[in-house]
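[1] this is a predicted model, with the sequence first.
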Amino acid sequence: MKVDIKEVKKLKELAGVGLTDAKQALEAANGDFDKALAEMREKGLTKAEKRGDRETRSGIVDAYVHDGRIGAILELNCETDFVAKTPEFKELAHYLAMQIASMNPLYVALADVPEEQLKKVRAEAEKEVGDKPKEIKAKIVEGKVAKQFEEKVLYTQKYILDDTKTVEDFIKTYIAKTGENISVRQFKRIELGVVE
């Protein structure tokens with residue numbers, strides 16, 4: 001099937017893939033743009049999952065200040081200087097700084113939550129769950145722990161500009177576009193008159 005070059009270019013931009021891949025996806029979907037886009041995003045996110053273990057040594061520091069009252073600064077890392085200098089990477093850093101300023105997370109990932117806090121929440125959850133089979137109880141407890149820290153952990157927060165995604169899902173769309181692992185190393189939020 002012959003596909004429209006405008007559609008190919010549009011798919012390339014939206015999915016963050018090469019022209020050849022975009023053309024092949026449109027042909028495989030018989031010209032159905034939405035179907036091709038969904039498949040390309042799925043493939044990109046699958047690849048992004050695999051990139052999650054790769055080391056991130058390059059990156060940038062970005063900041064966002066809202067109304068002169070609230071500010072956030074973060075270190076966003078990727079694998080190469082080339083990607084760190086791209087407009088897409090800088091855009092992601094800015095969106096994440098906005099997220100931090102707006103939603104005031106305390107930790108980057110659930111793994112960063114101090115163990116004593118996790119133990120305390122687990123103990124409370126285990127009391128609530130009571131006598132259930134061991135496997136079911138463990139799943140319920142971990143679910144309650146994740147829920148307890150959902151708003152306090154940057155990666156698990158709902159993304160402010162699209163609440164159908166978590167911040168981690170939003171970052172994965174950029175991992176798919178850039179072809180590199182991307183991670184937030186650290187951040188700091190400052191609010192006028194509030195000392196932590």
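    Structure's in. What do you need?

[2] isn't Ser183 right next to Leu74, touching?
    No: using CB atoms under 8 Å, Ser183 makes no contact with Leu74, being 10.9 Å away. Backbone N, C-alpha and C define where each C-beta goes, glycine included.

[3] between those two, which one's more packed in?
    Leu74 (25 against 20; other CB atoms under 10 Å).

[4] which one is that one nearest to, not counting chain neighbours?
    Spatially, and ignoring its direct neighbours in sequence, Leu74 is nearest to Phe187 (3.9 Å; CB to CB, 6 or more residues apart in numbering).

[5] and the strands in the protein?
    58-66, 70-78, 158-159, 162-166, 183-191 (DSSP state E).

[6] tell me which of those strands lies nearest to Lys177.
    Shortest distance between Lys177 and these, using CB to CB, is found for strand 70-78: 11.4 Å.

[7] also compute the angle for that closest one relative to strand 183-191, please.
    Angle of strand 70-78 versus strand 183-191, following axes from the mean of the first three to the mean of the last three CA atoms, to 10 degrees, is 170 degrees.

[8] in terms of secondary structure, what does strand 70-78 contact?
    Under the contact definition 3 or more CB pairs under 8 Å, 6 or more residues apart in numbering; DSSP states H and E, strand 70-78 sits against strand 58-66, helix 87-103, strand 183-191.

[9] what does the domain assignment say about this protein?
    Domain assignment for the chain by automatic domain parsing gives 5-51, 58-108+152-191, 114-149.

[10] Throw those domains into TSV and include mean pLDDT, thanks.
    Formatted as TSV, the domains of the chain follow (pLDDT from 0 to 100):
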stretch	mean pLDDT
domain 5-51	71
domain 58-108+152-191	94
domain 114-149	85
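
[11] just name the most buried of those.
    Of all these, domain 58-108+152-191 carries the top mean neighbour count, a mean of 18, counting by mean count of other CB atoms under 10 Å.

[12] that one: end-to-end distance?
    End-to-end distance of domain 58-108+152-191: 28 Å, with CA to CA, to the nearest Å as the criterion.

[13] ok, for the spatially most central residue of the chain, nearest residue in space, not its chain neighbours?
    In the chain, the C-alpha nearest the mean C-alpha coordinate belongs to Glu168, at 2.1 Å (CA atoms, centre = their mean). In this structure, Glu168 finds its nearest non-sequential neighbour in Tyr155, 4.0 Å apart by CB to CB, 6+ apart.

[14] was I right about the one you found contacting Val167?
    Yes: look at Tyr155 against Val167 with CB under 8 Å: they come within range, at 5.4 Å.

[15] kind regards, and thank you for your time.
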